[in-house]
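Asker: using only what follows, build the 3D model:
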Amino acid sequence: MKLITEAFEGDRLIGFFLIKDLQQKVATNGSEYFDFVLGDRSGTITAKLWDITEEQKGSFTVKKIVKVDGLVTLFRNQKQLQIQRIRLSLPEDDIDIQTLVQKSEIPREELWQELRMVIEEIQSPTLSKLVKTILLSKETRDALTTIPAGVKMHHSYYAGLLEHIVTLLHSATQLFPIYPQLNKDIVITTCLLHDIGKTKELSDPIAPEYTTEGELVGHIVLGIELINDAAREAGISSRDEELLLVKHCILSHHGDVDLGYGSAVSGKVPEAIFFHYLDQIDAKLNSMKQLFKGENEEWVYSPMLRRKIRNLNKG
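Answerer: Residues are numbered from 1 along each chain as shown. Here you go, the predicted model:
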């Protein structure tokens, strides 16, 4: 059976898929239909099931496994599956949900060990204590090592957040010799904790949705709350200079406030400016990498960049 990334316009796609998102909608003719996001280990595809029945309305839900027979079409330059037949998986199908989950290309155990090694390299006693208080708690570790970095935009797969953090650490380490004026401990701590709020923002590593906290507060503020709680637990003063610098880097990491991307403050120290662009590079290049997977078109629209991107390695 073909994987999602192996199917192109006009192909018939038959296989088992995980329902990652599902919305019931009404067509212009008044009939009801399902708008799915289906996934396998290679990626995701939007899918339409027209003229749904009452039985289907009660059967299909997020995280259910379905067997689908459909035709791949193009809609606004994006692959879409027109479902012709669909059913829930049966016990005798013997399908393990883990085989349908897109994951980081690097095993999460390996990524976690790399992260642990970097934690031990932090020289500042204050920042070392802060990071260990947060990251070595079982609840945070379990979330950090499984959830994606986002629902759609970048690293949107199992253990994607962990991969994102480790990639940032690698990039920063390579650039430190070029920018010796940077405080390494501040940058490393920011790499480790900048998205820690996502452990509260996202609900599930397999079919992630935003929690109530995530919708109402957002991951940047949730992350600062976690850091404040950990600082109090570790006996770190709220006025500690290093703590303030790390929080500033996190609060400004989405770029200048006037860009409107969610920063609470614009970057005002070299470490904040450096980290913002480091984060942007990894997020955008990963988004493009996922966009081009199995793509056979020369130009592909990027929702993250809001423009068409040329695919130099099509097919």
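Asker: CA atoms for contacts and neighbours, from now on please.
Answerer: Fine.
Asker: pull the longest strand from the chain.
Answerer: Longest strand of the chain, by residue count under DSSP state E: strand 12-26.
Asker: which of the residues in that one are classified as buried?
Answerer: The neighbour-count check on strand 12-26 (16 or more other Cα atoms under 10 Å) flags 12-14, 16-22 as buried.
Asker: CA atoms only: put stretch 104-118 into CSV for me.
Answerer: The C-alpha trace of stretch 104-118 is given here as CSV (Å, rounded to 0.1, in the frame of the first residue of the first chain):
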residue,chain,number,x,y,z
SER,A,104,11.0,12.5,14.3
GLU,A,105,13.5,10.9,12.1
ILE,A,106,15.9,10.6,15.1
PRO,A,107,14.7,8.3,18.0
ARG,A,108,13.4,10.3,20.9
GLU,A,109,15.6,8.4,23.3
GLU,A,110,18.7,9.6,21.4
LEU,A,111,17.4,13.2,21.3
TRP,A,112,16.7,13.1,25.1
GLN,A,113,20.2,11.9,25.8
GLU,A,114,21.6,14.7,23.8
LEU,A,115,19.5,17.2,25.6
ARG,A,116,20.6,15.8,29.0
MET,A,117,24.2,16.2,28.1
VAL,A,118,23.7,19.8,27.2
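Asker: burial measure for the residue nearest to Leu100 when sequence neighbours are not counted, as a count.
Answerer: Nearest residue to Leu100, sequence neighbours excluded (Cα to Cα, 6 or more residues apart in numbering): Asp40, at 4.1 Å. Using other Cα atoms under 10 Å, Asp40 has 23 neighbouring residues.
Asker: OK, contacts around Asp40?
Answerer: With Cα atoms under 8 Å, 6 or more residues apart in numbering as the criterion, the residues that contact Asp40 are 3-4, 16-18, 99-102.
Asker: if we can go back for a sec, what lies in contact with the longest strand of the chain?
Answerer: For strand 12-26, the surrounding residues in contact (Cα under 8 Å, 6+ apart) are 1-2, 4, 7, 32-40, 61-72, 89, 95, 97, 100-101, 206-208.
Asker: which among these count as buried?
Answerer: When the contacts of strand 12-26 are checked for burial by 16+ other Cα under 10 Å, the buried set is 4, 7, 32-34, 36-40, 61-63, 65-72, 89, 97, 100-101, 206-208.
Asker: show me those residues that map onto strands.
Answerer: Using DSSP E, these in strands are 32-34, 36-40, 65-72.
Asker: max pairwise distance over those: which two?
Answerer: Greatest spacing in those, by Cα to Cα: Glu32 and Asp40 (25.7 Å).
Asker: quick check: Lys308 vs Leu291, distance?
Answerer: As judged by Cα to Cα, to the nearest Å, Lys308 and Leu291 stand 11 Å apart.
Asker: any common contacting residues for these two?
Answerer: Common neighbours of Lys308 and Leu291, using Cα under 8 Å, 6+ apart, are 300, 302.
Asker: comparing these two, which residue is more hemmed in?
Answerer: Leu291 (21 against 13).
Asker: report the contact partners of Thr126.
Answerer: Counting by Cα under 8 Å, 6+ apart, Thr126 makes contact with 236, 242-243.
Asker: ok, and what's touching the host helix or strand of Leu161?
Answerer: Per DSSP states H and E: Leu161 is located in helix 160-175. Contact with helix 160-175 is made by 103-104, 106, 108, 111-112, 114-115, 144-150, 155, 187-188, 191-192, 195, 278-279, 282-283, as judged by Cα under 8 Å, 6+ apart.
Asker: make it 7 Å
Answerer: Contacts to helix 160-175, defined as Cα atoms under 7 Å, 6 or more residues apart in numbering, come from residues 104, 111, 115, 144-145, 147-149, 155, 188, 191-192, 278-279.
Asker: cool, stretch 144-152 as well?
Answerer: Stretch 144-152 has contacts (Cα under 7 Å, 6+ apart) with 108, 155-162, 199, 204-205, 208.
Asker: ends of it, how far apart?
Answerer: 17 Å.
Asker: chain center to that stretch: distance?
Answerer: Taking Cα atoms, centre = their mean, to the nearest Å, one finds stretch 144-152 lying 4 Å from the centre of the chain it belongs to.
Asker: mind checking pLDDT for Ser263?
Answerer: Listed pLDDT for Ser263 reads 95.
Asker: what's the separation between the residue nearest to Leu100 and Ile4?
Answerer: According to Cα to Cα, Asp40 and Ile4 sit 7 Å apart.
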